[in-house]
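Student: return a 3D structure for these sequence lines:
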Amino acid sequence: MFQVKSRDKESKARTGVLKTAHGDIPTPIFMPVGTAGTVKGILQRDLAEDIDAKIILGNTYHLFLRPGTDILKSVGGLHKFMAWERPILTDSGGYQVFSLNEIRKISEEGALFRSHIDGSKHLFTPENTIDIQRIIGADIMMVFDECTPYPCDYKYARKSLLLTHRWLDRAIIRFKDSEPLWGYDQMLFPIVQGSTFEDLRKESAENAAACNMAGIAIGGLSVGEPAEEMYRIIEVVNEILPEDKPRYLMGVGTPANILEAIERGVDMFDCVMPTRNGRNGMIFTWDGIINIRNKKWTDDFTPLDPFSASVVSRTYSKAYLRHLIISGEILGAQIASIHNLAFYLYLVSVARKKIEEGDYSKWKNAIIKKLSGRL
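Tutor: Below you'll find the model as predicted:
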């Protein structure tokens, strides 16, 4: 169940609460990516206490291959397996199968692919990806779809969209004909596709809205298209998607991307950027983006962020983190990841506050250039 709580005066931005079996999620929200049952290098304790992640992601493709559904079924689902008591969302694996380009084949039945781990053959269908996510026990499940590359021609995008719609119909039938395994309700989100073609996006948004599921995801963006194209498509789609359902923009993005999308009415986000880029030395701050490998930080003993709610961000200096990253120490990747995720979570919490106060757009316009600058 989703409830809109407040709206910005000058934009489509809104706050809300999404209620799940494992807790309430305030929106707009950023969701750390825990692909294989772990947000890389971060203890669940730190996710909950220092970062205060309200929900994390798992991935059907990766969890299916390893540890496998037999293990997850025997333990009682992913929450128990990874000792995480808060909500989990699972991607159906559509994007991962799409990215396997050279070792997969798409048909009406589903997607036949070879494992990137051992080369073994597997078939994902709209039905068995629902079954797998039932076993995983995600609070929010995604339908299996085909994610088109960018750029692609109109003919291919339309053919792919119609296939995604037929797969959606089959997924919903399986969802309605099956029951949760672990004693709590699960939600299913359709995914809007259609590349950057306005008429296809409208058609897909109308189709997804008509399904009357608990929420709707917007997929197939942040795959190489210019940011302005992404923002244009979000506006087109959100004019159609129902007001009383949460809107999840998949795989996005930078702090600027998130703030722009919130202004256009998006509620939920995920991206590997804060952790993946953090491990390589990119640090997000309120003053801009830091490449911690640069020599200028060698003797900067100020905290990563003295105003952060994160103990890690307030405790460790830029100089110390640079030393760890340059030295290849695992602790460096861990500190950077925790800091960046705490920054992202704090960013959306401030966004919620500004929406409640009614001056989100003014705040966003004042801060967005600074957040995107390089220090």
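
Student: what segments of the stretch 251-375 of the chain are helices?
Tutor: 255-263, 273-279, 311-315, 318-327, 330-357, 360-372 (DSSP state H, counting those that start in this stretch).

Student: which neighbouring elements make contact with the shortest one?
Tutor: This points to helix 311-315. In terms of contacts (3 or more Cβ pairs under 8 Å, 6 or more residues apart in numbering; DSSP states H and E), helix 311-315 is packed against helix 330-357. Heads up, the C-betas are built off the backbone N, CA and C, glycines and all.

Student: quick one: the helix it packs on to helix 318-327, angle?
Tutor: For helix 330-357 against helix 318-327, the angle by axes from the mean of the first three to the mean of the last three Cα atoms, to 10 degrees is 130 degrees.

Student: helix 255-263 and helix 330-357, what's the angle between them?
Tutor: With the same axes, to 10 degrees applied, the angle from helix 330-357 to helix 255-263 works out at 30 degrees.

Student: any idea how far helix 330-357 is from the chain center?
Tutor: How far helix 330-357 lies from its chain's middle: 14 Å, per Cα atoms, centre = their mean, to the nearest Å.

Student: by how many degrees do that helix and helix 360-372 diverge?
Tutor: Here helix 330-357 runs at an angle of 160 degrees relative to helix 360-372 (the same axes, to 10 degrees).

Student: next, the buried residues of helix 330-357.
Tutor: 332-349, 351-352, 354-355 (16 or more other Cβ atoms under 10 Å).

Student: average pLDDT for it, rounded please.
Tutor: What helix 330-357 shows for mean pLDDT is 98.

Student: and for stretch 221-234?
Tutor: Averaging pLDDT along stretch 221-234 yields 96.

Student: backbone torsions only: list them for I25.
Tutor: Note on I25: its backbone torsions stand at phi -120, psi 120 [degrees, to the nearest 10].

Student: quick check: it touching I88?
Tutor: No. Applying Cβ atoms under 8 Å as the test, I25 and I88 come out as separate, 11.1 Å apart.

Student: find the residues that touch each one of the two.
Tutor: I55 (Cβ atoms under 8 Å, 6 or more residues apart in numbering).

Student: what's the separation between E357 and N340?
Tutor: Going from E357 to N340 by Cβ to Cβ, to the nearest Å gives 26 Å.

Student: next: V4.
Tutor: In terms of Cβ to Cβ, V4 sits 29 Å off from N340.
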